[in-house]
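**Q** quick check, what structure comes out for this input:
(one chain, ligands or ions: 1)
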Amino acid sequence: MFEQLSAVPGDPILQLIEMYRQDTNPQKIDVGVGVFKNAEGETPVMRAVSIAEQQLHDTQATKAYVGIAGDADFNAAMRALVFADSVDYARVQALQTPGGSGALRVCAEMLYEVMPDSTVWMSDPTWGNHRPIFEAAGFTVKHYPYFDPATRMVDEARMLAALNELGQGDIVLLHGCCHNPTGSDLSFAAWDRVAEIASQRGFLPFIDLAYQGFGDGLDADLYGIRQLAKHVDDMIVTSSCSKNFGLYRDRVGCALVLAKNAAAATVVKGRLAIAARVSYSMPPDHGGAIVGMILNDATLREQWEDELTEMRNRILSLRQQLADRMRDITGTPKWDFIARHRGMFSLLSLDKSQTDKLIHDYSIYIVNGGRINIAGLRDEAQINRFADALAEVTK
Ligand SMILES: Cc1ncc(COP(=O)(O)O)c(C=O)c1O
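**A** Predicted coordinates for the structure are as follows:
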């Protein structure tokens, strides 16, 4: 039977990783892969994580099942990290999940059970897994206007006008901060409008938060989510700890539901638990336990926040250096948007011949469309090399 199946196409990012690995050019640069890298080109275990892991190792007495909703301390800490003082916590329920992807999938499954005729609206463009996840749950997916390739910023007027046409029965997926793949986020004023429009039109905001702390700070990055939380009765947030705790492979995420009242939030959590039960049953414990320990311990938390600040500052500084260098080489402010983008990614809006040239002529490994992971640039030498090549292929 299986011999009759046709192969599915390989993942383009995995192909890029393989090409990079085989390239013998000592000056090769990888801006394709979406993980944080330090100035040595490494993605180390965070120190706060190592300390918490040691403590867990020394104190954990059992590996017995925890439960479908995962670690209660983790869930409570995630609720506070995301909502701070923007809502009454009785209206919020949280469920630990295997990564942000697991949270997206269980929320999509739960929503399809209760509103199968809804359309899920996503930014154009959005993270490559958003559409498949919601389509796998059964939803029809459409896009609202978002990125303007000419300015490489958000076309807020067009986006807000599109949201103003939506209503009950629509689900609007928004990136909490550090938009992937564009790097271009909404202004605070635009978030204010999104919150007003959501409460007037009655669509369900669904916020995917994968980079809290990578933009302007743990609280500044959550401006939009907290504004929405103050305005709407119902909202979903899926949060990933892969990037901001560097726990990629340990699969740590959280599905958070805001409902009109405590009873409704509890009912939704029960439905999420059913979606989890028929899929992976319960989340892996290790990473969630580590995050729970870090967030609930003052010393570990301070250590983690310091490290996260270091990571953020590295990204911001690389952005500024690259933008400055592009200005010097081209003599125009055309690339200033790189310094205005937030998070690891910037979408440079390059065509295939330009990205092919970067890969084959310069050993610069970059994904189609020209999304770069700015943290892939190690140091000033790599920034300069990248800038020279970019200026050359876009002349
Ligand atoms: C926008 C966005 N959402 C969700 C995720 C999910 O991350 P994970 O499942 O690894 O926690 C990612 C990871 O790249 C992402 O970029």
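**Q** and Glu18, which helix or strand is it part of?
**A** helix 12-22 (DSSP states H and E).
**Q** right, I mislabeled it, should have said Leu95
**A** Using DSSP H and E, the element containing Leu95 is strand 92-97.
**Q** kindly calculate the angle that the following helix or strand past that strand makes with strand 92-97.
**A** Per DSSP H and E, the first helix or strand lying C-terminal to strand 92-97 is helix 99-114. With axes from the mean of the first three to the mean of the last three Cα atoms, to 10 degrees defining the directions, helix 99-114 sits at 120 degrees from strand 92-97.
**Q** so where is the stretch 151-300 of the chain shaky, pLDDT-wise?
**A** Residue ranges of the stretch 151-300 of the chain with pLDDT under 70: none are present.
**Q** residue boundaries of the helices in it?
**A** 156-163, 188-201, 223-231, 262-277, 286-296, 298-330 (DSSP state H, counting those that start in this stretch).
**Q** tell me the backbone dihedrals of the residue nearest to Gln382 when sequence neighbours are not counted, please.
**A** Nearest non-adjacent residue to Gln382, counting by Cβ to Cβ, 6 or more residues apart in numbering: Ile29, 5.6 Å away. For glycine as for every other residue, the C-beta is placed from the backbone atoms N, C-alpha and C. Per-residue torsions, Ile29: phi -130, psi 140 (degrees, to the nearest 10).
**Q** ditto for Asp148
**A** The phi/psi pair for Asp148 (degrees, to the nearest 10) is phi -100, psi 110.
**Q** what sits against the nearest residue to it once chain neighbours are set aside?
**A** Using Cβ to Cβ, 6+ apart and skipping the chain neighbours, the partner closest in space to Asp148 is Asp155 (4.2 Å). Taking Cβ atoms under 8 Å, 6 or more residues apart in numbering as the criterion, Asp155 is in contact with 145-148.
**Q** cross those against strands and list the overlap.
**A** 145, 147-148 (DSSP state E).
**Q** out of the helices of the stretch 151-300 of the chain, the one nearest Ala391 is which?
**A** Each of those was scored for nearness to Ala391 using Cβ to Cβ, and the closest is helix 298-330 (4.5 Å).
**Q** returning to that earlier point: please determine how far the residue nearest to Gln382 is located from the ligand.
**A** 20 Å (Cβ to the nearest ligand atom, to the nearest Å).
**Q** also Leu16?
**A** Taken as Cβ to the nearest ligand atom, the span from Leu16 to the ligand is 15 Å.
**Q** about what we covered before: out of the helices of the stretch 151-300 of the chain, which one sits most buried?
**A** helix 286-296 (a mean of 23; mean count of other Cβ atoms under 10 Å).
**Q** tell me how far that one lies from the chain's centre.
**A** Chain-centre distance of helix 286-296: 19 Å, with Cα atoms, centre = their mean, to the nearest Å.
**Q** show me what contacts the spatially closest residue to Ala76 that is not a sequence neighbour?
**A** For Ala76, ignoring the flanking residues on the chain, the nearest one in space by Cβ to Cβ, 6+ apart is Ala94 at 7.4 Å. Listed by Cβ under 8 Å, 6+ apart, the contact set of Ala94 reads 69, 75-76, 78-79, 254-257, 269.
**Q** could you do Met344 as well?
**A** Contacts of Met344 (Cβ under 8 Å, 6+ apart): 34, 36, 178, 180, 183, 211, 214, 243, 315, 373-375.
**Q** need the phi and psi values for it.
**A** phi -80, psi -20.
**Q** can you give me the pLDDT of it?
**A** On pLDDT, Met344 comes in at 98.
**Q** so what touches stretch 117-125?
**A** 108, 111, 130-131, 134, 139-147, 159, 162-163, 166, 169-175, 179, 181-182, 203-204, 206, 347, 369.
**Q** those residues also near the ligand: which ones?
**A** Residues of the contacts of stretch 117-125 in contact with the ligand (Cβ under 6 Å from any ligand atom): His175.
**Q** which among the contacts of stretch 117-125 count as buried?
**A** 108, 111, 130-131, 134, 139, 141, 144-147, 159, 162-163, 166, 170-175, 179, 181-182, 203-204, 206, 347, 369 (16 or more other Cβ atoms under 10 Å).
**Q** Leu209 pairs with what?
**A** Ser239 (DSSP bridges).
**Q** so what's it up against?
**A** Taking Cβ under 8 Å, 6+ apart as the test, what Leu209 contacts is 82, 100, 175-177, 222, 225, 237-240.
**Q** what do you get if the cut-off is 7 Å, keeping everything else the same?
**A** The contact partners of Leu209, by Cβ atoms under 7 Å, 6 or more residues apart in numbering, come to 82, 176-177, 225, 237-240.
**Q** ok, the strand holding Leu95: who's next to it in the sheet?
**A** Strand 92-97 is paired, per DSSP bridges, with strand 253-258 (antiparallel).
**Q** show me which residues of the protein sit near the ligand.
**A** 34, 99-101, 127, 175, 180, 208, 210, 240, 242, 248, 253.
**Q** could you give the number of residues near the closest residue to the ligand within the stretch 251-395 of the chain?
**A** Closest contact between the stretch 251-395 of the chain and the ligand, by Cβ to the nearest ligand atom, is at Gly253 (4.9 Å). Using other Cβ atoms under 10 Å, Gly253 has 29 neighbouring residues.
**Q** and the gap between it and His341?
**A** Relative to His341, Gly253 is positioned 24 Å away (Cβ to Cβ, to the nearest Å).
**Q** for Tyr146, same thing?
**A** Taking Cβ to Cβ, one finds Tyr146 at 13 Å from His341.
**Q** can you check Ile364 too?
**A** 18 Å.
**Q** now do Met115
**A** In terms of Cβ to Cβ, Met115 sits 34 Å off from His341.
**Q** who has more neighbours, those two?
**A** His341 (24 against 16).
**Q** name the nearest residue to that one, sequence neighbours excluded.
**A** In space, His341 is closest to Gly183, 3.2 Å off (Cβ to Cβ, 6+ apart).
**Q** report the contact partners of that neighbour.
**A** 341-343, 345-347.
**Q** distance of it from Gly169?
**A** Distance, Gly183 to Gly169, using Cβ to Cβ: 31 Å.
**Q** for Gly34, same thing?
**A** Remark: distance between Gly34 and Gly169 (Cβ to Cβ) = 33 Å.
**Q** cheers, nothing more for now.
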